[in-house]
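[1] Structural data only, the sequence is not supplied:
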């Protein structure tokens, strides 16, 4: 789903830049970015990394001096709020007699081996694991579920999740700046940024498959 949505978001991010004044872009773009990143933190149907990179490309080509800073603040705060909401819903599931559909959804998105690995790292390194989990594709949910099963209060999770969201937003914004600086046209930079984001997202999965293949050949 994410690989389908990313090009569509890239096209929609570029089209207004060519026909809509910058003031209108900013008035519509930042609330839209906030809403999509917030939803993407709750439901994994939106490639939020590619979205932030695309927004950074568009901001890079604008004349307003604070455009990139506003993209960073908007994306990081939306991710932080979305993660906090999802964690709060998961904690409600832990105390509910009938469980929670949000908690079950988290369990379904965290394979048992990844969860065990996350629990071990969380026990060894604590809050630092949250920062890394946000930067590693598909690493956020297993670590969040490990925090839930360890019965971390929301305040403790939030203290670790804030720098994680800041680092995540900065990383994908830098990818967008890199892609946007290579081309003169915003749409070219957006496509380059989306491509870089998809490559970064695919690398961990490829490495896991290679390790699995080697392990199956040499038990």
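    Arrived safely. The structure presented is a predicted model; accordingly, all values stated were derived computationally and were not measured.

[2] For residue 165, list the residues it contacts.
    76-77, 79-80, 83, 134 (Cβ atoms under 8 Å, 6 or more residues apart in numbering). C-beta here means a position set from N, CA and C on the backbone, and glycine is covered the same way.

[3] Please narrow these to those residing in helices.
    Those of the contacts of residue 165 mapping onto helices are 76-77, 79-80, 83, 134, per DSSP state H.

[4] Go through the contacts of residue 165 and say which is closest to residue 151.
    Ranked by distance to residue 151 (Cβ to Cβ), the contacts of residue 165 are led by residue 83 at 17.3 Å.

[5] Provide the secondary structure category for the spatially closest residue to residue 114 that is not a sequence neighbour.
    In space, and not counting its chain neighbours, residue 114 is closest to residue 142: 4.3 Å by Cβ to Cβ, 6 or more residues apart in numbering. Applying DSSP: H, G, I helix; E, B strand; the rest coil to residue 142 yields a three-state assignment of helix.

[6] Whichever of the contacts of residue 165 end up buried, select them in PyMOL.
    This is the PyMOL syntax for the buried subset of the contacts of residue 165, where burial follows 16 or more other Cβ atoms under 10 Å:
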select buried, resi 76+77+79+80+83+134
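
[7] Now the contacts of residue 165 in a markdown table, please, with extra columns for distance to residue 59 and pLDDT.
    Output for the contacts of residue 165, formatted as a markdown table (distance: Cβ to Cβ, whole Å; pLDDT from 0 to 100):
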| residue | distance to residue 59 | pLDDT |
| --- | --- | --- |
| 76 | 14 | 96 |
| 77 | 16 | 97 |
| 79 | 17 | 96 |
| 80 | 20 | 97 |
| 83 | 23 | 95 |
| 134 | 21 | 87 |
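
[8] Could you list the low-pLDDT ranges of this protein?
    1-27, 63, 96-99, 183-219 (pLDDT under 70).

[9] which residues in it form helices?
    For the chain, the helices defined by DSSP H occupy 2-19, 22-42, 48-60, 67-95, 101-108, 112-125, 128-135, 140-149, 154-181, 186-217.

[10] Out of the ones in helices among the contacts of residue 165, flag the one nearest to residue 127.
    For the ones in helices among the contacts of residue 165, the nearest to residue 127 is residue 134 (12.0 Å; Cβ to Cβ).

[11] and the closest one, what is it in contact with?
    Contacts of residue 134 by Cβ under 8 Å, 6+ apart are 79, 140, 161, 164-165, 167-168.

[12] before we move on, the earlier item: tell me the one among the contacts of residue 165 nearest to residue 106.
    Closest to residue 106, out of all of the contacts of residue 165 and judged by Cβ to Cβ, is residue 83, at 11.6 Å.

[13] Verify the stated contact: that closest one with residue 41.
    Yes: using Cβ atoms under 8 Å, residue 83 is in contact with residue 41, at 5.4 Å.

[14] coming back round to it: out of the ones in helices among the contacts of residue 165, what pair is the most spread apart?
    Pairwise distances across these (Cβ to Cβ) peak at 13.8 Å, for the pair 77 and 134.
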